[in-house]
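Peer 1: sequence isn't available, so here's the structure alone:
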């Protein structure tokens with residue numbers, strides 16, 4: 001049995017698929033203080049013995065939460081003499097220009113724990129000053145031993161050009177401090193721009209002991225229950241890797257949950273022949289939005305966590321604080337707000353009956369009628385409708401309306417927040433959202449999909465089966481993948497194609513050996529991406545180069561690819577004759593999944609009346625037809641207004657829309673003719 005477990009902010013989701021095709025779908029409340037407890041509870045709730053699991057793929061927000069909540073390890077930062085303050089100087093930008101109390105994001109290390117070593121390598125990899133090993137032994141090592149650090153971040157100047165000094169220094173520290181984890185920039189982020197590389201290395205060291213401890217506990221408990229299968233972890237780039245590889249660079253697992261959701265949505269949409277998608281995952285704490293073209297999600301070379309840059313490949317996802325558990329509140333100016341604060345799993349929305357008293361988006365749905373208390377989680381969890389109404393009383397009073405009006409206003413605001421996020425990945429990047437199918441998932445996504453589509457002019461919505469657990473399905477649908485980036489500066493001249501072929505061959509050999517060492521046999525697919533720019537530009541743009549195109553690649557071909565990529569981003573191809581250069585290379589090795597999982601709707605034993613009242617945005621109330629998602633057969637069509645209720649989520653079909661189950665199990669929602 002293959003099992004995917006995704007730990008979210010409110011619920012932990014599980015999808016299990018047996019060799020016989022049998023599917024188990026389960027949601028249990030998350031346990032934020034110990035996410036592994038929630039993951040094990042999901043196995044128990046699904047009735048799955050650990051001994052029956054041959055392949056377990058896991059995604060969680062443990063690394064992200066460690067940074068956001070500042071619960072990482074105590075670390076030291078070691079750099080080249082004269083650069084001790086690089087983590088504090090950062091960049092010259094000011095995020096909030098009118099805030100008199102503005103402060104730059106705090107790095108994960110104290111200044112007192114930052115140390116220098118005498119050495120210098122220039123940007124070409126030439127040794128300017130040799131590493132002073134005597135000074136390391138005399139001055140640095142005793143201070144590191146005395147500090148009692150859990151991990152050491154090593155980031156020497158220009159280590160991306162030559163790792164000789166950094167590798168030697170790391171070896172000396174490892175010999176003197178056995179058992180202390182060491183994150184070296186040449187292994188974590190071998191790319192130029194000193195602050196970004198230093199920040200990434202420091203954050204990797206900061207979360208590594210946390211990730212190791214979490215994986216150790218989880219694996220030990222699984223082993224005690226008879227688990228002997230392969231344990232893998234989802235990465236931010238949309239691929240999975242065995243957990244042993246994740247221990248070498250934990251920073252790659254920052255956004256494993258959102259990445260898994262995008263992968264699951266793509267796989268399911270492909271069954272219906274859709275490749276151009278806008279996915280949005282509305283869970284308990286946030287909504288994650290991504291644009292997909294031709295079935296391939298975009299990769300970003302860098303992201304941020306708590307204002308700090310992280311130089312690691314991630315799926316290009318925009319997040320907003322508008323989840324089902326997002327708090328609805330009034331600001332000091334009397335304006336209604338939704339998020340970014342969330343009720344989370346503890347205490348959760350007021351309707352959960354766990355002590356929460358503040359209104360949330362989920363409570364708004366209960367008040368509106370698009371979540372029926374008796375059908376939540378297929379009837380496994382009954383909600384308190386009276387508590388949801390009480391939670392909105394104060395907001396309604398301040399708005400001068402009734403409770404239903406306040407709930408409707410909160411939902412309209414949540415829709416507006418998500419629309420804005422979708423515009424960030426589409427309209428503002430030259431993509432028309434009307435050319436894409438909207439794919440909502442997560443526990444709350446399908447409830448707002450039609451209203452979001454109305455705002456954007458999107459004509460088609462694709463709701464996958466069991467939309468509330470698509471992230472867990474994505475864990476089982478992900479290819480095994482390793483993305484490696486490194487700075488490799490060269491002019492775009494007649495020598496560039498040969499240099500690219502040599503670099504590709506070198507990275508291909510290294511990736512093949514690494515996959516073999518991890519026990520991952522089988523054919524691998526390879527892809528190369530070159531970050532390019534015109535001379536004088538401050539930032540570069542990615543230019544994909546297919547492996548099949550490399551043998552015959554010419555300078556002219558490369559220039560044409562760059563011109564087209566530049567035109568797509570900046571709406572012009574640059575001045576004729578202007579010289580360009582290659583700055584960095586990004587190499588992907590992928591072991592494709594042989595057989596994609598197929599998941600059907602989980603049946604729910606819930607008593608249903610023929611219809612139920614739902615309040616619309618204009619204040620009117622309609623009788624919405626109630627439909628069990630598990631009973632919809634291919635070809636069945638449901639005109640709105642209707643509520644299609646499933647185990648993991650419900651789908652709202654407004655009066656002017658119509659839903660149809662297709663042959664792949666997806667529900668296609670389109671405007672009524």
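Peer 2: Right, received. Where do you want to start? Remember, it's a predicted structure, so these values are computed and weren't measured experimentally. Residues are numbered from 1 along each chain as shown.

Peer 1: go ahead and confirm residue 660 touches residue 639.
Peer 2: No - when contacts are counted by CB atoms under 8 Å, residue 660 is not listed as touching residue 639 (9.9 Å). Placement of C-beta: from N, CA and C, glycine included.

Peer 1: how close does residue 445 get to residue 287?
Peer 2: 8 Å (CB to CB, to the nearest Å).

Peer 1: return every residue with contacts to both of those two.
Peer 2: Taking CB atoms under 8 Å, 6 or more residues apart in numbering as the criterion, residue 445 and residue 287 both touch 280, 281.

Peer 1: and residue 174, backbone torsions?
Peer 2: With angles defined as degrees, to the nearest 10, residue 174 sits at phi -60, psi -40.

Peer 1: residue ranges for the helices of the stretch 501-650 of the chain, please.
Peer 2: With DSSP state H, counting those that start in this stretch as the criterion, the stretch 501-650 of the chain has helices at 555-570.

Peer 1: quick one, strands of it?
Peer 2: Here the stretch 501-650 of the chain has its strands, by DSSP state E, counting those that start in this stretch, at 525-534, 541-546, 580-591, 611-615, 621-628, 637-639, 642-645, 650-653.

Peer 1: figure out how far the longest one is from the centre of its chain.
Peer 2: Between the mean C-alpha location of strand 580-591 and the chain-wide mean there is a distance of 21 Å, by CA atoms, centre = their mean, to the nearest Å.

Peer 1: what's the local residue count around residue 460?
Peer 2: Number of residues near residue 460 (other CB atoms under 10 Å) recorded here: 15.

Peer 1: contacts only, for it.
Peer 2: Contact analysis of residue 460 by CB under 8 Å, 6+ apart lists 437, 438, 668, 669, 670.

Peer 1: just checking, which of those belong to helices?
Peer 2: Applying DSSP state H to the contacts of residue 460, no entry is found in helices.

Peer 1: from those, which is closest to residue 205?
Peer 2: Distance to residue 205, by CB to CB, is smallest for residue 438 among the contacts of residue 460, at 39.9 Å.

Peer 1: list the beta-bridge partners for that closest one.
Peer 2: Taking DSSP bridges as the rule, residue 438 bridges to residue 278, residue 461.

Peer 1: so who does it touch?
Peer 2: Counting by CB under 8 Å, 6+ apart, residue 438 has contacts 277, 278, 280, 449, 452, 453, 456, 458, 460, 461, 462.

Peer 1: doesn't residue 423 make contact with the second one?
Peer 2: No - no contact is recorded between residue 278 and residue 423 when judged using CB under 8 Å, the distance being 10.2 Å.

Peer 1: out of the two, which sits in the more crowded spot?
Peer 2: More crowded of residue 278 and residue 423, by other CB under 10 Å: residue 278, with 25 against 17.

Peer 1: do you know how far that one is from residue 449?
Peer 2: 10 Å.

Peer 1: returning to what we had before: hmm, which of the contacts of residue 460 are the buried ones?
Peer 2: When those are checked for burial by 16 or more other CB atoms under 10 Å, the buried set is 437, 438, 668, 669, 670.

Peer 1: quick check: longest helix of this structure.
Peer 2: Scanning the chain for the longest helix, with DSSP H as the assignment, gives helix 194-224.

Peer 1: break the protein into its domains for me.
Peer 2: 2-67+212-253, 71-205, 480-591 (automatic domain parsing).

Peer 1: quick check: residue 395 is in a helix.
Peer 2: Yes - according to DSSP: H, G, I helix; E, B strand; the rest coil, the state of residue 395 is that of a helix.

Peer 1: tally of neighbours for it?
Peer 2: Residue 395 - counted by other CB under 10 Å - has 22 other residues nearby.

Peer 1: contacting residues around the residue lying closest to residue 52 once chain neighbours are set aside?
Peer 2: Among residues not flanking residue 52 along the chain, residue 1 sits closest, at 5.1 Å (CB to CB, 6 or more residues apart in numbering). Residue 1 is in contact with 16, 17, 18, 19, 48, 52, 53, 54, counting by CB under 8 Å, 6+ apart.

Peer 1: and with 6 Å instead?
Peer 2: 16, 18, 52, 53 (CB atoms under 6 Å, 6 or more residues apart in numbering).

Peer 1: what pLDDT is listed against it?
Peer 2: Residue 1 carries a pLDDT value of 89.

Peer 1: next: the one 5 residues further on.
Peer 2: Turning to residue 6, the model gives it a pLDDT of 92.

Peer 1: what's the local residue count around it?
Peer 2: The number of residues packed around residue 6, counting by other CB under 10 Å, is 32.

Peer 1: how about the one 10 residues further on?
Peer 2: Around residue 16 there are 26 other residues, counting by other CB under 10 Å.

Peer 1: give the other helices and strands that the helix or strand where it lies contacts.
Peer 2: Element membership of residue 16, judged by DSSP states H and E, is strand 11-17. Counting contacts by 3 or more CB pairs under 6 Å, 6 or more residues apart in numbering; DSSP states H and E, strand 11-17 is packed against strand 2-7, strand 23-29, helix 35-45, helix 470-477.

Peer 1: what sits up against that strand?
Peer 2: Here strand 11-17 makes contact (CB under 6 Å, 6+ apart) with 1-6, 23-28, 30, 38-39, 42, 46, 48, 469, 472-473, 597.

Peer 1: likewise stretch 124-133?
Peer 2: Defining contact as CB under 6 Å, 6+ apart, one finds that stretch 124-133 is touched by 118, 119, 120, 121, 122, 161, 162, 165, 168.

Peer 1: distance check, the fifth one against residue 486.
Peer 2: It stands for residue 122. 17 Å.

Peer 1: so which of those two has more stuff around it?
Peer 2: Taking neighbours as other CB under 10 Å, residue 122 and residue 486 compare with residue 486 leading, 17 against 13.

Peer 1: now do the SS call for that one.
Peer 2: Per three-state DSSP, residue 486 ends up strand.

Peer 1: for it, which non-adjacent residue is closest in space?
Peer 2: Nearest one to residue 486, counting by CB to CB, 6+ apart, is residue 190 at 4.4 Å.

Peer 1: cool, residue 457 as well?
Peer 2: Distance criterion CB to CB, 6+ apart; nearest residue to residue 457, sequence neighbours excluded, is residue 434 at 4.8 Å.
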